[in-house]
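[1] mind looking at a prediction? Sequence and model below.
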Amino acid sequence: MQRRTFMKTASAAAIAAGAIGQTASAAPFKEEFKISVATWSFHKMTFAGEVTQLDHPRLAVEAGGQGVELVNQFFPSPTDSYCKELSKRAADVGIPILLIMCDSEGDMSNPDFKVRRQAVINHRKWADIAAVLGCHSIRCNSGGENVSPEEDMKASAASFYELSQYARQYGLNVIVENHWSRTADPKWLVGLVEMVGEDNFGTLPDFGNFPKEVDKYEAVKMLMPFARAVSAKCYDFGPDGNETTIDYEKMLRIVFDAGYHKYIGVEFEGNRMSEKDGTKACVDLLKRYQK
């Protein structure tokens with residue numbers, strides 16, 4: 001009798017626990033969108049030599065992604081033959097290459113015209129490569145804080161106007177992420193987009209790249225009208241599969257309310273989980289909201 005009572009109690013508890021888990025993981029809404037994987041999610045493995053960029057399309061698919069977003073730092077050499085092989089690797093696993101995140105190509109806001117003009121020239125090759133790979137955008141950085149915010153915006157706008165004109169021949173977007181420096185200020189970044197004034201220049205709102213004093217939900221809401229891509233940053237997850245530092249239900253509602261239904265790219269930057277597991281957990285979280 002004691003054993004039967006224990007088994008009945010344990011079974012009831014298991015059922016209840018399962019119901020709680022299902023309730024915690026159930027999404028209150030579902031929307032049309034696709035999920036891509038930003039390959040910065042695999043940066044530790046890549047820098048350690050455990051994988052190469054040619055493995056990234058496969059890793060993105062294994063995580064559940066439907067597209068892949070590249071990082072220029074991972075190109076060993078952007079030759080024609082290499083780009084063809086990279087395109088083949090993506091085609092073999094059935095996903096498109098969506099964009100290239102471009103870093104370390106110069107200061108687009110430098111007060112010295114020659115310096116920032118060289119930065120524009122440095123970025124052009126990535127537009128060329130993005131066109132070969134079938135991307136829709138290149139993601140760029142603005143620059144440092146060498147001058148006042150107003151002068152910084154004016155210099156950046158001149159650089160991005162020129163780069164946007166160059167990218168237009170390919171039908172490419174030039175996008176800026178709230179990545180660091182003044183771009184982490186949503187008001188400044190919106191002002192930059194408006195000053196450039198080109199329809200192929202926009203934003204890449206990232207859920208996590210804001211300083212603590214900035215309300216990330218209001219910031220993403222400000223950036224979404226200009227979004228050409230979206231970055232769903234993940235750091236860690238609770239037992240229910242929810243991200244522990246970002247309210248995904250609230251953030252995704254902001255994204256969809258802005259009329260955005262394209263690719264949302266996951267980017268895992270956590271330390272507790274492996275890069276493969278963390279990336280998949282972020283994809284799984286987004287899938288809850290996917291029709």
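    Arrived safely, thanks for sending.

[2] secondary structure element for C83, which one?
    helix 80-93 (DSSP states H and E).

[3] buried stuff in that helix?
    Residues of helix 80-93 classed as buried: C83, L86, S87, R89, A90 (neighbour count, 16 or more other CB atoms under 10 Å). Every residue, glycine included, has its C-beta placed from N, CA and C.

[4] I'd say the fourth one and A60 touch.
    No. Between R89 and A60 there is no contact under CB atoms under 8 Å: 10.4 Å.

[5] for the spatially most central residue of the chain, which three-state class applies?
    Among the residues of the chain, the one closest to the centroid is S231, at 2.9 Å (CA atoms, centre = their mean). Put simply, S231 is strand when judged by DSSP: H, G, I helix; E, B strand; the rest coil.

[6] where's it relative to Q165, distance?
    Distance of S231 to Q165, given as CB to CB, to the nearest Å: 25 Å.

[7] which strand or helix spans the closest residue to D92 other than its chain neighbours?
    The shortest distance from D92 to any non-neighbouring residue, by CB to CB, 6 or more residues apart in numbering, is to P57 (7.7 Å). If you go by DSSP H and E, P57 is part of helix 56-62.

[8] what does M222 give?
    Under the criterion of DSSP H and E, M222 resides in helix 216-223.

[9] neighbouring contacts of that helix?
    For helix 216-223, contacts defined as CB atoms under 8 Å, 6 or more residues apart in numbering pick out 178, 186-187, 189-190, 203, 205, 207-208, 210, 246-247, 250-251, 254-255, 258.

[10] the same query, at a cut-off of 7 Å, please.
    Helix 216-223 has contacts (CB atoms under 7 Å, 6 or more residues apart in numbering) with N178, P186, L189, V190, T203, P205, F207, F210, K250, M251, I254.

[11] same thing with stretch 125-141?
    72, 78, 83, 86-87, 96-103, 108, 123, 166-167, 170, 172-177, 179, 204, 228-229.

[12] of those, buried ones?
    72, 78, 83, 86-87, 96-102, 108, 123, 166-167, 170, 172-177, 179, 204, 228-229.

[13] any idea how far Q118 is from R124?
    For Q118, the distance to R124 - CB to CB - is 11 Å.
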